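> I need the structure of the sequence given here:
(one chain, ligands or ions: 1)
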Amino acid sequence: MNINELKESFISLYEETGDDIHVYFSPGRVNLIGEHTDYNGGYVFPCALSFGTYLLVRKNQSRLVHFATTNFDHRGEVNLDESFEKEGKSWINYPVGVLNEFRKSTKEIEGVDLLYSGDIPNGAGLSSSASIEMVTAFAMNQLFGFGLDRMELVKLSQKAENLFVGVNCGIMDQFASAMGVADHALFLNCDTLDFERVPLKLDGMKIVIANTNKRRGLADSKYNERRAQCESSVEAIRKEKNIRHLSDLNLDEFNALSHLIPDEVEKKRAKHVISENGRTLSAIDALNKGKIEFFGQLMNQSHDSLRDDYEVTGSELDTLVDEARKIDGTLGSRMTGAGFGGCTVSIVKEDAVEDFIREVGKGYNEKTGLIADFYVAEIGDGSKEIL
Ligand code: GLA
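Numbers count the residues shown, from 1 in each chain. The predicted structure is shown next:
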């Protein structure tokens, strides 16, 4: 991203006043394993990407906050003396939701001009929305000296999405965006919020992201529905065992209690969550011991469970994964993020990456008529000010 060009765009949009323009960045993320476990008190293993959202900010000595982005034409404004209203499905709801949470915790901001610029493929399930929330939270905290730590900003951003945007997401995306470190993945316990930064020792391998380029229609409502199904399973199990989350159980314990869940679909959802949690622990152990092949097999199992038990994949993601697994140098391939379209993540031997991109792209196009995009992931840092 060319910061000088962004500054020029900022000035042509808001005019030159001589006041300082501050620049902040928060990344998107890719999750390696641990899917749909975060809101079930389980483990996740994401890493921050080198692409994300940049934010240019300048105080404007007024009671107005102006929003603009280089990604769309749509602009917006809120008045700090009025209540904030949600604006349809606009991208502005993400930053306004964050400002709303600051306000609720009596952290009062002043008028600012904001220009966002993202290089994450939009709607690809790589957390462009979490990166917008996090960069807003991080920037306001720095600019107005609120003194919140990163974890507090993560929680505030998640609340903005839950309460203002209306998506009942877990904490993983905001966490990864804030806490990432180059060449490390983040092993997070979403119940206790204890975490570890694990070096990604992938000698001779690359992380390849493939985008289905399928629009994620109805994804938010299906996401909320999955979450409700998990909560309902917890309620059913509580008749015999006092658990707080599905992740309090291992697979054997779940098998002994699953008869309590009357609904067969809910039972499958719960089984995914509990098996995925176990796989995530095994995957981190495998990585620490250098057993990358086994890590790849666990990624494959994760996808199959998301396809068969959690039912969040769909034909486009399944096709990308099937095609990826046909390539000799693929160690593992799975969907990443919420599902219902979006991206897959694969571990591929470096010397097979070119073949992978060509062959998977070809097979996917023949079977779906769609064109996939591929990114060889670079694992970058979390939220930061760019000086
Ligand atoms: C979305 C949510 C996350 C998480 C994933 C699925 O990305 O924002 O909180 O639940 O889906 O693992």
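
> CA only for contacts and neighbour counts going forward, please
Fine.

> where's residue 229, which helix or strand?
According to DSSP states H and E, residue 229 maps onto helix 219-237.

> in the following helix or strand past that helix, which of the residues would be classed as buried?
Once the chain leaves helix 219-237, the next helix or strand it forms, by DSSP H and E, is helix 251-257. The neighbour-count check on helix 251-257 (16 or more other C-alpha atoms under 10 Å) flags 251, 254, 257 as buried.

> other SSEs contacting helix 251-257?
When contacts are defined as 3 or more C-alpha pairs under 8 Å, 6 or more residues apart in numbering; DSSP states H and E, helix 251-257 packs onto helix 264-288.

> which parts of the helix it packs on are buried?
Across helix 264-288, burial judged by 16+ other C-alpha under 10 Å covers 266-281, 283-284, 286-287.

> need the contact partners of the following helix or strand past it.
Downstream of helix 264-288, the first helix or strand assigned by DSSP H and E is helix 292-308. With C-alpha atoms under 8 Å, 6 or more residues apart in numbering as the test, helix 292-308 has contacts from 32-35, 202, 272, 276, 279-280, 282-284, 286-287, 312-314, 318, 331-335, 347.

> separation between the nearest residue to residue 87 once chain neighbours are set aside and the ligand?
Leaving out its chain neighbours, the residue that sits closest to residue 87 by C-alpha to C-alpha, 6 or more residues apart in numbering is residue 93, at 6.4 Å. Residue 93 sits 15 Å away from the ligand, going by C-alpha to the nearest ligand atom, to the nearest Å.

> just checking, what packs against the helix or strand of the chain with the lowest mean pLDDT?
Counting by mean pLDDT, DSSP states H and E, the chain has its least confident helix or strand at helix 219-237, which shows a mean of 93. If contacts are counted by 3+ C-alpha pairs under 8 Å, 6+ apart, helix 219-237 sits against helix 264-288.

> which parts of the stretch 251-387 of the chain sit against the ligand?
By C-alpha under 6 Å from any ligand atom, the residues of the stretch 251-387 of the chain that approach the ligand are 337-338.

> closest residue of the stretch 251-387 of the chain to the ligand?
Nearest residue of the stretch 251-387 of the chain to the ligand: residue 338, at 3.4 Å (C-alpha to the nearest ligand atom).

> would you mind confirming that that residue makes contact with residue 35?
Yes: using C-alpha atoms under 8 Å, residue 338 is in contact with residue 35, at 7.5 Å.

> and those two? which has more neighbours close in?
Each of residue 338 and residue 35 has its neighbours counted (other C-alpha atoms under 10 Å); residue 35 has more, 29 against 23.

> give the contact list for the more buried one.
Shown in contact with residue 35 (C-alpha under 8 Å, 6+ apart): 44, 273, 276, 302, 336-338.

> assign it to helix, strand or coil.
Judged by DSSP: H, G, I helix; E, B strand; the rest coil, the three-state class of residue 35 is coil.

> please tell me the pLDDT value assigned to it.
Listed pLDDT for residue 35 reads 98.

> over to residue 217?
Reported pLDDT at residue 217 in the predicted model: 64.

> show me where the stretch 101-250 of the chain has its helices.
128-143, 150-159, 172-179, 219-237 (DSSP state H, counting those that start in this stretch).

> any chance of JSON lines for those, columns distance to the ligand and mean neighbour count?
Shown next, in JSON lines, are these (distance: least, C-alpha to the nearest ligand atom, whole Å; neighbours: other C-alpha atoms under 10 Å):
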{"stretch": "helix 128-143", "distance to the ligand": "8", "mean neighbour count": "26"}
{"stretch": "helix 150-159", "distance to the ligand": "8", "mean neighbour count": "22"}
{"stretch": "helix 172-179", "distance to the ligand": "5", "mean neighbour count": "30"}
{"stretch": "helix 219-237", "distance to the ligand": "8", "mean neighbour count": "17"}
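
> any part of stretch 185-203 near the ligand?
No: using C-alpha under 6 Å from any ligand atom, stretch 185-203 stays clear of the ligand, with a minimum separation of 10.0 Å.

> that stretch: which residues count as buried?
Neighbour-count burial for stretch 185-203 flags 185-191, 197-198, 200, 202 (criterion: 16+ other C-alpha under 10 Å).

> now residue 284: how far from residue 231?
As judged by C-alpha to C-alpha, to the nearest Å, residue 284 and residue 231 stand 27 Å apart.

> point out where the stretch 151-300 of the chain drops to low pLDDT.
Scanning the stretch 151-300 of the chain for pLDDT under 70 picks out 216-218.

> domain assignment for this structure?
3-199+381-385, 205-376 (automatic domain parsing).

> centre of the chain versus the first one, how much separation?
When you say that, I think you mean domain 3-199+381-385. Relative to its chain's centre, domain 3-199+381-385 lies at 12 Å (C-alpha atoms, centre = their mean, to the nearest Å).

> begin at 6 from now on, thanks
All right, first residue 6 from here; so that's domain 8-204+386-390.

> from one end of that domain to the other, what's the distance?
Using C-alpha to C-alpha, the end-to-end distance of domain 8-204+386-390 comes to 12 Å.

> what do you get for stretch 217-225?
This stretch, stretch 217-225, spans 18 Å end to end (C-alpha to C-alpha).

> against which helices or strands is the host helix or strand of residue 340 packed?
If you go by DSSP H and E, residue 340 is part of strand 335-341. On a contact count with 3+ C-alpha pairs under 8 Å, 6+ apart, strand 335-341 meets helix 297-313, helix 320-330, strand 348-354.

> so for the last one, what gets flagged as buried?
In this case it means strand 348-354. Neighbour counts over strand 348-354 (16+ other C-alpha under 10 Å) mark 348-354 as buried.

> over to the first one?
For helix 297-313, a neighbour-count test (16+ other C-alpha under 10 Å) marks 297, 299-301, 303-312 as buried.

> for the residue nearest to residue 325 when sequence neighbours are not counted, which residues are in contact?
Nearest residue to residue 325, sequence neighbours excluded (C-alpha to C-alpha, 6+ apart): residue 369, at 6.0 Å. Residue 369 makes contact with 321, 324-325, 328, 375-377 under the criterion C-alpha under 8 Å, 6+ apart.

> perfect, I'm done here.
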